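Trainee: Quick one, what's the 3D model for this:
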Amino acid sequence: MRQVCVLGNGQLGRMLRQAGEPLGIAVWPVGLDADPVAVPFQQSVITAEIERWPETALTHELARHPSFVNRDVFPIIADRLTQKQLFDRLGLATAPWQLLAEKSEWPGVFERLGELAIVKRRVGGYDGRGQWRLRADDVDQLPEACYGECIVEQGIHFSGEVSLVGARTHDGDTVFYPLTRNLHQDGILRASVAFPQASATLQAQAEAMLSTIMQALNYVGVMAMECFITPQGLLINELAPRVHNSGHWTQNGASISQFELHLRAITGLPLPAPVVYGPSVMVNLIGSALNYAWLKLPLVHLHWYDKAVRPGRKVGHLNLTDPDPDRLNATLEALSPLLPPEYASGILWAQSQFK
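Mentor: Predicted coordinates:
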């Protein structure tokens, strides 16, 4: 039996474990503070559900382990500075940016990047945390400790947000899912919609970009790339060197889920291109209590993470997939009153994607 050790024991590790069971792969999600003696990493392929981690007894051991797939890639992608430098080195389109080293740089920042600046912590920010949208009159809102620890990007006017989830084998072969359309609110992914056939032009551009990145890094496994749609084409926003929230729809909407795809890639199993059955919708459950009334609707698949419910915390997701867009749209209509009021805008956005 193949064994995989996952650094991190959150919902992504949990879903990797679930995906491994039918394949005969024992997947062990482990917390960062686990006792190395209790973790079977010596006999396992090692992967991670997170980009960065503190130094612990376990991570110290894993950092030296030759079976830690993509071990040397994580530091590059986890730091937005080196991630942006990677895009520039590969000639890939991204928002104009610079390191924000000192407060005195602000006049030059606005002169170069325009009136809206997006400040992001180099490491650690996610789901809208560690980010600021600033204009010239707002710069005093940025904590002093951010200087030298943040990059600043040009605020981009975009018509939509999409992500591409793909995977690469040890031999360099790549497969991709169709582009996923995403809705973010307050920096958190609220809903995703995917169709079997995405825009051919954007799909080709995205696949070329992500393939270039994975080949340059000699990356193995699933990687996700988030992009803005602009009149000039796609601009890369950021990367995730792991399975990704916007790919959760693949659990029910594709012949191979992103979790199974990642396990196949890192363990050397066959990696055919997944077949996508029809349109799919993923609704993130954020800070909401479990409600089995959702399951009254036959198209709804519930994925609950068994985490304590707190405001702003991702506690599960709902997947809906069906070859008939009208039936899918009608199910979204019926689902909306079964969710708290703050989900209404996300449901309406998802329904708008079918028009």
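
Trainee: Flag the shaky bits of the protein, pLDDT-wise.
Mentor: For the chain, the stretches with pLDDT under 70 are 126-128.

Trainee: how about the residue of it most remote from its centre, secondary structure?
Mentor: In the chain, the residue that sits farthest from the middle, by Cα atoms, centre = their mean, is Ser104; the gap is 34.1 Å. Three-state call for Ser104 (DSSP: H, G, I helix; E, B strand; the rest coil): helix.

Trainee: Ok, Phe158 next?
Mentor: Classified using three-state DSSP, Phe158 is coil.

Trainee: For Gly114, give me its contacts.
Mentor: By Cβ atoms under 8 Å, 6 or more residues apart in numbering, the contact set of Gly114 is 154-155. To be clear about C-beta, it is placed using only N, CA and C from the backbone, and glycine gets the same treatment.

Trainee: and it, how far is that from Pro96?
Mentor: 8 Å (Cβ to Cβ, to the nearest Å).

Trainee: List the beta-bridge partners for Met223.
Mentor: Under DSSP bridges, the beta-bridge partners of Met223 are Gly166.

Trainee: Verify the contact between Thr174 and Ser211 for me.
Mentor: Yes. Between Thr174 and Ser211 a contact is recorded at 5.2 Å, counting by Cβ atoms under 8 Å.

Trainee: Between these two, which contacts overlap?
Mentor: Common contact partners of Thr174 and Ser211 (Cβ under 8 Å, 6+ apart): 166, 168.

Trainee: Surely Arg17 is in contact with Gln3?
Mentor: No. The pair Arg17 / Gln3 is not scored as a contact, 11.4 Å apart, by Cβ under 8 Å.

Trainee: Now do the shared contacts for these two.
Mentor: 27-28.

Trainee: what about stretch 242-252, how long is it end to end?
Mentor: Its first and final residues considered, stretch 242-252 spans 19 Å by Cα to Cα, to the nearest Å.

Trainee: What distance do you get for Ala244 to Ala167?
Mentor: Small correction: residue 244 is His, not Ala. Taking Cβ to Cβ, one finds His244 at 11 Å from Ala167.

Trainee: Give me the common contacts of these two.
Mentor: Joint contacts of His244 and Ala167 (Cβ under 8 Å, 6+ apart) are 222, 258.

Trainee: Next one: Gly148 relative to Gln98, how far apart?
Mentor: Taking Cβ to Cβ, one finds Gly148 at 12 Å from Gln98.

Trainee: ok, now Asn329?
Mentor: For Asn329, the distance to Gln98 - Cβ to Cβ - is 44 Å.

Trainee: likewise Tyr147?
Mentor: In terms of Cβ to Cβ, Tyr147 sits 12 Å off from Gln98.

Trainee: what does Trp249 give?
Mentor: Distance, Trp249 to Gln98, by Cβ to Cβ: 35 Å.

Trainee: thinking again about what came up before, settle it for me: which of His244 and Ala167 has more neighbours?
Mentor: Ala167 (27 against 22; other Cβ atoms under 10 Å).
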